[in-house]
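Novice: coordinates for the following, if possible.
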Amino acid sequence: MAFNSFLGTLVETFMVVKTVILQYIIIVVISNVGFAYMGYCMFGHALAEFYSFDQSFMTLLGTSLGDGITYAELVEVNPTGGPLLYVPFVIFNCFILLNMIIAVIVEGYQVQQSQRARHVSLWHQMRYGLARSVPSFRRYIPREDQWRYKGPDNVKIKGWLEDIFDDEEALDREVSEDEMVEMLLEKNVRLEDVQFIFKRYSWCTRPRDPPAPEPAVNDMVRELHRVIKALADSQSVAQRKLDAIIAGQDM
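Specialist: Residues are numbered from 1 along each chain as shown. Have a look, this model is predicted:
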């Protein structure tokens, strides 16, 4: 979908709401079948648009899309049956169901926009891919992106990571940035290469662990809590005395 961002957005939107759209189609078909059978029984003998069940189904489907039978044609043939068929059909199929599908698509578009990733054009992929494979193409890469080709290649990085995460238990364990740096340095990876890996791939799965609070900080927090509690107790005593004085004056 890199050729056309609009087409990619449209496809992704329908993928978000595909289950709801399937349910909607089932409801539309069931509703149309019921109204088509009703129209076939009431107007099949008088109107060519309802002479068979198939034709009745297609007529009402066209009516819901704006190109089908009209209310005047039905009332002319059957003044009583025309409103009984046309009014409920228009209210349910044209008003309720049509607005439902519009609301579903709008909701899917909003979800897609909130979750969408940055689309990279095909030309961008070809240019940067050729620059990675053919060094002479790197002069066509902007200066601010030249650093991408000065570090270790993917094969070397993959080898380092396979040496670190060599078993399933290690793969399932989350590591912080500091832990990853230590593990890479233990594999004799240069610090410059480690910085390149983090800059380009962001291997860290969670932020670095916060430093543990020092004992002095804990003592200060406990002392502050004690002072606040003492102030709260003294305020309660003062409030009770004030209430007693006010009650004595009222007497």
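
Novice: please make it C-alpha for all contacts and neighbour counts, starting now.
Specialist: Fine.

Novice: what comes up buried for the helix or strand hosting residue 88?
Specialist: Assigned by DSSP states H and E, residue 88 falls within helix 81-89. Buried residues in helix 81-89, counted by 16 or more other CA atoms under 10 Å: 82, 84-86, 89.

Novice: give me the contacts around whatever helix or strand comes next after that helix.
Specialist: The C-terminal neighbour of helix 81-89 among helices and strands, as given by DSSP H and E, is helix 98-115. Helix 98-115 has contacts (CA atoms under 8 Å, 6 or more residues apart in numbering) with 9, 12-14, 16-17, 20-21, 24.

Novice: for helix 98-115, the distance to its chain's centre please.
Specialist: Distance of helix 98-115 from its chain centroid, counting by CA atoms, centre = their mean, to the nearest Å, is 11 Å.

Novice: only the buried residues of that helix, if you could.
Specialist: 98, 104-105, 108-109, 112.

Novice: avg pLDDT for it?
Specialist: On average, the pLDDT along helix 98-115 is 84.

Novice: list the buried residues in the helix or strand hosting residue 72.
Specialist: Using DSSP H and E, residue 72 falls within helix 71-77. Of the residues in helix 71-77, 74-75 count as buried by neighbour count, 16+ other CA under 10 Å.

Novice: again with stretch 136-153
Specialist: 138, 148.

Novice: now residue 232, what's its secondary structure?
Specialist: helix (DSSP: H, G, I helix; E, B strand; the rest coil).

Novice: next one: it from residue 223, what distance?
Specialist: Going from residue 232 to residue 223 by CA to CA, to the nearest Å gives 14 Å.

Novice: from the contacts of helix 98-115, list the buried ones, please.
Specialist: Buried among the contacts of helix 98-115 (16+ other CA under 10 Å): 9, 12-14, 16-17, 21, 24.

Novice: could I get these in JSON lines, plus columns for secondary structure, distance to residue 159 and pLDDT?
Specialist: Listed next are the buried ones among the contacts of helix 98-115 as JSON lines, based on DSSP: H, G, I helix; E, B strand; the rest coil; distance: CA to CA, whole Å; pLDDT from 0 to 100:
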{"residue": "9", "secondary structure": "helix", "distance to residue 159": "37", "pLDDT": "78"}
{"residue": "12", "secondary structure": "helix", "distance to residue 159": "35", "pLDDT": "81"}
{"residue": "13", "secondary structure": "helix", "distance to residue 159": "38", "pLDDT": "84"}
{"residue": "14", "secondary structure": "helix", "distance to residue 159": "40", "pLDDT": "84"}
{"residue": "16", "secondary structure": "helix", "distance to residue 159": "37", "pLDDT": "84"}
{"residue": "17", "secondary structure": "coil", "distance to residue 159": "41", "pLDDT": "87"}
{"residue": "21", "secondary structure": "helix", "distance to residue 159": "46", "pLDDT": "88"}
{"residue": "24", "secondary structure": "helix", "distance to residue 159": "50", "pLDDT": "88"}
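
Novice: can you give the domain ranges for the chain?
Specialist: Annotated domains of the chain cover 5-115, 148-209 [automatic domain parsing].
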